[in-house]
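**Student:** Return atomic coordinates for the entry below.
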Amino acid sequence: MSNVPLAERKLKVATPLEPGGWPSDRGASPAGAAFAPRLKEDPPVAKNGEPLDISIHVDDLYTSRAWLGRHGLTASIACFAQLAVEEAPAWLISMVVHMVTLVTMAMITVSEPVPYKPQHLIVTPPEKKKVEKPLEVEDDKPKTLDDTSIAELVTMDTHADQSEKYVEPSRHLEAAASASPVPDAGLKHIPQGEDILALSNGYGNNPIGIRNEVAMDPKKALDLGATTSSEIAVSKALKWLATHQLTDGSWSFDTSLAPSCKGKCRNSGSLSQARNAATGLALMAFLGTGQTHQRSENYQVTIHRGLQFLINNMRVGGNGGALDESGGMMYSHGIAAIAISEAYALTNDPNLLTPTRAVLGYICYAQDPIGGGWRYRPRQKGDTSVVGWQIMALKSGHMAGFEIPPLVVERASQFLDEVQQSGGSAYGYTTPGQGEATTAIGLLCRMYLGWQHDNPALERGVRMLSKRGPSPSNMYYNYYATQVMRHWEGEPWENWNRQMRDQLVHSQAKQGHEEGSWFTGSGDLGAPTGGRLYCTAMATMILEVYYRHLPIYRSDSIEQEFPD
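**Tutor:** This is a model prediction of the structure:
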């Protein structure tokens, strides 16, 4: 503290700014201080060598303290500036002016900006038609989780007991159900009014209801032509398929993409981009046993995630809901459409009503308006292979309660007329022929489109398949031919079934990571691209043929023909 009396104390200029423009006693310079003005030389001095004295007597300031009291800090600064200006050099005046400006600006307060709050648009879908409540099963009532997200679903362990992990179809399914991409006039739906799986009247008279009977009493499968070994093979196959589901709920023909596999399985498929097709095939295998996203001992979540993937992947527009994709094209759409339609037919889940209508509507749109077939792209001239999947999808939709437009059915029959040979007992790919797979496809389509059991061409075709027998390597042919023989029944079916069933049981992988799967080799054109997943799904559905559908020509079946 200075010993100079208060009245004689003088204010002197402080040490000039250090190089860099920010005093060292202020700590680190703020952002931008490096660009502050720098003093290029020492401050001016008096002629006698002493620092320039711009002192102000403190008692002079006290003389006006009353005035200062009334005007506060601003007045004090102004008074100081006026006294200093009279004697100070130009550089000091400039510095003082800048200081005054800075202090004044510091006293100005600016309120913080109000944070932006996004506005939420709430769209209320149109009121949906009332759907009759499905019949509840007391011992197997679905449980509702409170708003489980898709992100949580995809991390669930598919190997654990999932009977307590059922989740209601999510908001994505509900959003799809609120849309109306396909006019009802084109695909009229007749509500079934009850859950098909709740039927318990023997085999019932519904072509899909038989799956539930076998699911509740596995011994009934033995009465229909299965064996204990074949049913065990189906169980192992479903376990293998569940293990190879991807984290987003889909499946891929490239099984190395599955987190649990990563290349452990040989014979991975090359068609990795056809995810809708792979997912549809896998789901069909689960649905073939009567298990659904609402009822399953072990695979509710697995099936739900697969259906959710397909619904999320659907491109909905004025022509329906499209699931064709690169690599799979309309193959993918037809296969995925079967899975969605069967899931709806088995559960009567209202959240699957419009997605089912959408995929069926897209099939109707994609039909070649001239030739009546289907091929890789919508409205392209058809081929028998793609036609087979679309006809089966339309049939699944028909069993789910949808009325398929008669014109679509008529055109499909016209296409078959164009590729048939020998009066309709054999079929080619795009022209008349008698390929083994295309013949089986053509005959099955004829059955679905209304040919009766006593049709001479159908009878000749069945004899041809029976003589040829199951293929040791062509799973595509085996899949269609087995369905034809199952619907035909009688001795031809019994002979076929014995060979086909036992062949698959013996050829299934028995150990290691591949246990429960199949791969048939190069005899099937789909094997190299579809790989082990394709072969496994097809083989599983062949072994489920006993209860997938009631035989068309059985008297207690109401698997009616498409409308005329």
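**Student:** Please enumerate the helices of the stretch 151-300 of the chain.
**Tutor:** Ranges of helices within the stretch 151-300 of the chain are 171-178, 210-216, 219-223, 228-243, 275-287, 300-313, based on DSSP state H, counting those that start in this stretch.
**Student:** For my notes, please list these in TSV and give mean pLDDT, distance to residue 472 and mean neighbour count for each entry.
**Tutor:** Yep, even glycine has a C-beta here, placed from its N, CA and C like the rest. Formatted as TSV, the entries for the helices of the stretch 151-300 of the chain read as follows, by pLDDT from 0 to 100; distance: least, CB to CB, whole Å; neighbours: other CB atoms under 10 Å:
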stretch	mean pLDDT	distance to residue 472	mean neighbour count
helix 171-178	47	42	17
helix 210-216	77	28	21
helix 219-223	89	24	15
helix 228-243	98	17	20
helix 275-287	98	21	28
helix 300-313	98	30	24
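**Student:** Of these, which is nearest residue 550?
**Tutor:** With CB to CB as the measure, helix 210-216 is the member of the helices of the stretch 151-300 of the chain nearest residue 550 (5.6 Å).
**Student:** Can you tell me which of the helices of the stretch 151-300 of the chain is nearest to residue 363?
**Tutor:** Ranking the helices of the stretch 151-300 of the chain by distance to residue 363, with CB to CB as the measure, places helix 275-287 first at 13.3 Å.
**Student:** which strands and helices sit next to that closest one?
**Tutor:** Applying 3 or more CB pairs under 8 Å, 6 or more residues apart in numbering; DSSP states H and E, one finds that helix 275-287 makes contact with helix 228-243, helix 300-313, helix 329-347, helix 527-543.
**Student:** Which other helices and strands does the following helix or strand past the second one contact?
**Tutor:** I take that to be helix 300-313. The helix or strand immediately downstream of helix 300-313 is strand 315-317, counting by DSSP states H and E. Under the contact criterion of 3+ CB pairs under 8 Å, 6+ apart, strand 315-317 touches strand 320-322.
**Student:** Tell me which strands the strand it packs on pairs with, and in which orientation.
**Tutor:** Strand pairing for strand 320-322, determined by DSSP bridges: strand 315-317 (antiparallel).
**Student:** what comes up buried for the partner strand?
**Tutor:** Buried residues in strand 315-317, defined by neighbour count with 16 or more other CB atoms under 10 Å: residue 316.
**Student:** In JSON lines, list the helices of the stretch 151-300 of the chain along with distance to residue 501.
**Tutor:** JSON lines is the format used below for those (distance: least, CB to CB, whole Å):
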{"stretch": "helix 171-178", "distance to residue 501": "36"}
{"stretch": "helix 210-216", "distance to residue 501": "15"}
{"stretch": "helix 219-223", "distance to residue 501": "11"}
{"stretch": "helix 228-243", "distance to residue 501": "5"}
{"stretch": "helix 275-287", "distance to residue 501": "16"}
{"stretch": "helix 300-313", "distance to residue 501": "25"}
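**Student:** quick one: which of those helices is nearest residue 325?
**Tutor:** Here helix 275-287 is closest among the helices of the stretch 151-300 of the chain (CB to CB), at 5.2 Å.
**Student:** tilt between that closest one and helix 329-347?
**Tutor:** Helix 275-287 and helix 329-347 are oriented at 30 degrees to each other (axes from the mean of the first three to the mean of the last three CA atoms, to 10 degrees).
**Student:** Send me helix 275-287 as PDB with only the CA atoms.
**Tutor:** Extracted as PDB, the C-alpha positions of helix 275-287 are listed here (Å, rounded to 0.1, in the frame of the first residue of the first chain):
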ATOM      1  CA  ARG A 275     -33.500 -61.100 -48.900                       C
ATOM      2  CA  ASN A 276     -37.300 -61.100 -49.400                       C
ATOM      3  CA  ALA A 277     -37.200 -64.400 -51.100                       C
ATOM      4  CA  ALA A 278     -34.900 -66.000 -48.500                       C
ATOM      5  CA  THR A 279     -37.100 -64.600 -45.700                       C
ATOM      6  CA  GLY A 280     -40.300 -65.800 -47.400                       C
ATOM      7  CA  LEU A 281     -39.000 -69.400 -47.800                       C
ATOM      8  CA  ALA A 282     -37.800 -69.600 -44.200                       C
ATOM      9  CA  LEU A 283     -41.200 -68.300 -42.900                       C
ATOM     10  CA  MET A 284     -43.100 -70.800 -45.100                       C
ATOM     11  CA  ALA A 285     -41.200 -73.600 -43.400                       C
ATOM     12  CA  PHE A 286     -42.300 -72.400 -39.900                       C
ATOM     13  CA  LEU A 287     -45.800 -71.600 -41.000                       C
END
